[in-house]
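In: just to be clear, the model below is a prediction. Sequence and coordinates:
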Amino acid sequence: MPELTLEGVRATVPPGTTVLAALQNAGLSPLRHSLSGGARGALCGMGSCYECRAVVDGLTVRSCLTPVREGQDVWRLEVNCDG
Amino acid sequence: MKALVIGGGLVGAACADALARHSALNGQRVRVTVLEPGPVGGGATAAGMGHLVVMDDSPAQLALTARSLHLWEALAPALPRQADYHGCGTLWVASDDGELAAVEPKRRAYLAAGREATWLDAAELARAEPNLRPGLAGALRVPGDSVVYAPVVAQFLLERAGAAVRRGAVTELRDGGVRLASGETLRADLVVVANGIGAVSLLPDLPLRQRKGHLLITERGPVHVRHQLVELGYLKSAHGGDEDSVAFNVQPRPTGQLLIGSSRQFEQPDREIDWLLLRRMLRRAAEFLPALEQIAALRIWTGQRCATPDHLPLIGPHPELDGVFLATGHEGLGITTALGTAELLSAQVFGTPSGLLQYDFTPARFDRVPEPAHA
Amino acid sequence: MTAEWEAVVVGAGPAGLMAALTAAQGGLRVLLLDAQPAAGGQIWRGAAAGQRGKAGELLRGVASHAGITVLSGAEVIAAEAGGQSHTLTVSAEAGLSHIHAARVILATGATERFLPFDGWTLPGVVGAGGLQAMSKGGLDLRGVRVVVAGSGPLLLAVAAGLRQKGARVLAVAEQAGLPGVAAFGVAAARLPGKAREALELAAGLRGIPYWTDAALVRANGDGQLQSVTLRRGRREITLACDFLAVGFGLVPETRVAALLGCPVTDAGAVNVNAWQATGVSGIYAAGEVCGIGGVDGALLEGLVAGCAASGQIERLHDSPRRAETQRRFQATLERSFALRPDRLPSPSPATIVCRCEDVRHGQLQGFTNWTAAKLQTRCGMGACQGRVCGPACQTLYGWRFGGVRAPLAPLPLSQLLAEPNTLSPP
């Protein structure tokens, strides 16, 4: 099972899991804050809404489209200065 | 008096506003109708960067941009929040000692035009903009330059002017009026042609050429800059020859995004993205701001500048058509100089004073210059 | 002259898989592109080539056919139609690639329609199909309380699926009335092979309240969803829950089609003829991108498109009859679950409509079209490029979504800075 780091905390997740599910199962909510400061989470689950973006190994990706891999370093978007 | 303004971009809106304000001040009633086939501010106004910048390619350009910046500062408190007016200033970045030599004369010219300008050495530049690559020679800082989101300003000025906006394309200029695509004819005492490159289809003899540009806006991301950043070599790109050119020009939007330019191409009337030229433009930008590699492009678009041979707009009476005034040919400076353009046009129409009258922006100037500079 | 593909299929759901396999059987060298990490599309998300049934059969067929190259995690970000050769620009992990193709089959599917209501931006409010996708992606739903609301047959399938994953589905709230839903049930049961599926679905839903004529009022919570308020008749009901799975039908995903210049119907679907050909020469479309009609219709259209693109007309002898059956089913579907303004959630002036730019209902009401509203308010200018607020504005204000431009998805500048590859056939 892949082991990754979610905001500095190690987690083991089943293969085939998305990074989004890993974040959700770890209770990391909200995923971001909107321009006016509202808490936001994933909406569409299939790559359209861009609400679930997260920083994986330094790159901003849609976490629902990103499978977990061994050693990934995952962070939520910066609070209040993302879009 | 009935006035028709062709074009609901920022230049047209500013002209409508200036005409309406003249009537409010002088008791002479001017009814202004703006003719625009698309949404207000949907052409070059939306396509451009919205950089309000003083430029000194010629004394006339310096006077027009400096006066316009002054007018923008006066307008700013009235603008709605969505206009995103933001005084970030400009840094003219010098890559090497050769470019550094251009800084001092430029600084003096700006000061003489009443615009503050200060010199930053290499260390000061690095502190001011830590994301710029190391090893740059320095920069000229022009703190009074700003950025704005122009479509909202165009809408604001039209509302303030109380101008009627009619959806309609003008197909022909006639004595005392215009003809619309619908076949309808509208009569007016004054017609202002302010539809950017669209003026060419109405007045094919004007010395105007399309100059296509690419722009890219990034996502909000971890890379921040504080000033509008322009390489000092920009004028070479802006005013160089006919070949395609790119220059480093990056703007921080108040939304936290970066707007990246710029490219120039003559005679490319399509809207397609030229991926090769785009890559050249981005590589130029990344040479100055290597951190761009870490962020993502959100949107990419192209727009058409409307260029004249001497890089100055056409503002003033048409040499032959009675009652027709031009306000077009602003190339990349239409947003910056919209307010100065409107002041000058109003002065020409009503005989009111303006310091800009001492420079020749009239279309007639080209009758006296048989050899256009680009030929 | 760069080498070109004989056919490129965009989208690896049922229609795309079927079209790719059929075209390859007709002798074409096919590239199958899909934005998701694995083939299957939304409806067959998580399906494996080893499993029984149509999904497994098609996945096996595609994987084992020597004439098909599959590229997953590849998103079309630009497209240009040419007379003889079309160009798609694709972003994938390896960077940008230009792909030249004589024929393009668009099987880009559909996305969920979201409508704004108070509280819909709270974490915990998710798409109905969205929650199903998240669950298939590994979201643990055991013991989690879910309310499903909105409109369409997808709500029932989702409710059954979520329950199977251990969720407690408290209610399914459908805006359509009972007569419409019943008519749909009858029509669905008449389709070949559908009666058993319907029975299985009914068994999976046993004990879950299904409320027709129910309106979604608001989602409540502070920073996280806590409860949902629904209206049945004149009565408001508030249910405490962890997720609100909401969807108001599906919207054809026509962005690539739009860049290629394919004409679109008033309903927002790509216009195709009996051979699934679009108005642009060499470009075909199949599946939900041509209208919402379910997996059987998508498979049939994929077959027709694959045959037409590869010239296997003889295989299509009974397709007109089958297509007619599908069309009738599709019409019943549209009628049964037509959105009724008095049952739709009503946003208040402060309700956010554009989630990327936080543009509110009150800022948008005065405009007459999408472009003007976008220019003045930034609605639709954010990362999702109007994928969520575009269809919402269409339903709320009657604006036709416009202005699709490359890149269709945010693109790392590192990809634009690097030299692009040309992805040629093997």
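Out: Thanks, I have it. Numbers count the residues shown, from 1 in each chain, chains lettered A, B, ... in the order given.

In: list the contacts of the lowest-mean-pLDDT helix or strand in chain A.
Out: Least confident helix or strand of chain A, by mean pLDDT, DSSP states H and E, is strand A:59-62 with a mean of 92. Residues from elsewhere that reach strand A:59-62 (C-beta atoms under 8 Å, 6 or more residues apart in numbering or on different chains): A:19, A:47, A:50, A:52-55, A:77, B:219, B:221, B:294-296, C:412. C-betas here are computed from N, CA, C, even on glycine.

In: pipe the residues you listed into TSV and attach distance to C:Trp399 and neighbour count per row.
Out: As requested, the contacts of strand A:59-62 are exported to TSV (distance: C-beta to C-beta, whole Å; neighbours: other C-beta atoms under 10 Å in any protein chain shown):
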residue	distance to C:Trp399	neighbour count
A:Val19	34	26
A:Gly47	24	20
A:Tyr50	21	26
A:Cys52	27	29
A:Arg53	27	25
A:Ala54	32	25
A:Val55	34	18
A:Leu77	30	21
B:Glu219	25	24
B:Gly221	30	23
B:Gln294	36	16
B:Ile295	31	23
B:Ala296	27	22
C:Pro412	31	20
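
In: which one of those is nearest to C:Phe184?
Out: Among the contacts of strand A:59-62, A:Gly47 lies closest to C:Phe184 (C-beta to C-beta), at 28.7 Å.

In: how about the secondary structure of the closest one?
Out: coil (DSSP: H, G, I helix; E, B strand; the rest coil).

In: please name the nearest non-neighbouring residue to it.
Out: Counting by C-beta to C-beta, 6 or more residues apart in numbering or on different chains, A:Gly47 lies nearest to A:Leu65, which is 4.8 Å off, once chain neighbours are set aside.

In: what about the one you found, how many neighbours?
Out: 19 (other C-beta atoms under 10 Å in any protein chain shown).

In: so who does it touch?
Out: Taking C-beta under 8 Å, 6+ apart as the test, what A:Leu65 contacts is A:18, A:47, C:35-37, C:73.

In: so which strand or helix has the residue in the stretch 101-250 of chain B that chain A sits nearest to?
Out: At 3.7 Å from chain A, B:Arg220 is the closest residue in the stretch 101-250 of chain B, using C-beta to the nearest C-beta. Under the criterion DSSP states H and E, no helix or strand holds B:Arg220.

In: B:Glu293 versus that one, what's the distance?
Out: Distance, B:Arg220 to B:Glu293, using C-beta to C-beta, to the nearest Å: 17 Å.

In: in stretch B:104-122, what counts as buried?
Out: Buried residues in stretch B:104-122, counted by 16 or more other C-beta atoms under 10 Å in any protein chain shown: B:106-107, B:109-110, B:113, B:115, B:117, B:119-120.

In: no wait, stretch C:247-265
Out: C:247-260, C:262, C:264.

In: coming back round to it: farthest pair in the buried residues of stretch B:104-122?
Out: Checking the buried residues of stretch B:104-122 with C-beta to C-beta, the most distant pair is B:Ala113 and B:Leu120, at 19.8 Å.

In: C:Thr395 is in what secondary structure piece?
Out: Judged by DSSP H and E, C:Thr395 forms part of helix C:389-397.

In: same deal with B:Arg127?
Out: Remark: B:Arg127 resides in helix B:122-128, with elements defined by DSSP H and E.

In: so what's the residue lying farthest from the centre of chain A up against?
Out: The C-alpha centroid of chain A is most remote from A:Ser36, which lies 20.6 Å away (C-alpha atoms, centre = their mean). Listed by C-beta under 8 Å, 6+ apart, the contact set of A:Ser36 reads C:352, C:358.

In: mind checking how far it is from C:Ile352?
Out: Distance from A:Ser36 to C:Ile352, by C-beta to C-beta: 8 Å.

In: can you pull the phi/psi pair for the residue in the stretch 251-375 of chain B positioned nearest to chain A?
Out: Residue of the stretch 251-375 of chain B nearest chain A, by C-beta to the nearest C-beta: B:Gly256 (5.7 Å). With angles defined as degrees, to the nearest 10, B:Gly256 sits at phi 90, psi 0.

In: got it, and B:Thr45?
Out: Dihedral angles of B:Thr45 (phi, psi; degrees, to the nearest 10) stand at phi -60, psi -40.

In: same check, this time on B:Asp97
Out: When quoted as degrees, to the nearest 10, the phi and psi of B:Asp97 stand at phi -70, psi -30.

In: ok, the residue in chain A that chain C sits nearest to to C:His361 distance?
Out: Of all residues in chain A, the one sitting closest to chain C is A:Gly41 (2.8 Å; C-beta to the nearest C-beta). Separation of A:Gly41 from C:His361 (C-beta to C-beta): 21 Å.

In: repeat for C:Thr377
Out: For C:Thr377, the distance to C:His361 equals 11 Å [C-beta to C-beta].

In: cool, and C:Glu200?
Out: C:Glu200 is 41 Å from C:His361, by C-beta to C-beta.

In: quick one on the thing from earlier: nearest to C:Val304, of the contacts of strand A:59-62?
Out: Distances from C:Val304 to the contacts of strand A:59-62, taken by C-beta to C-beta, are shortest for A:Gly47, at 27.2 Å.
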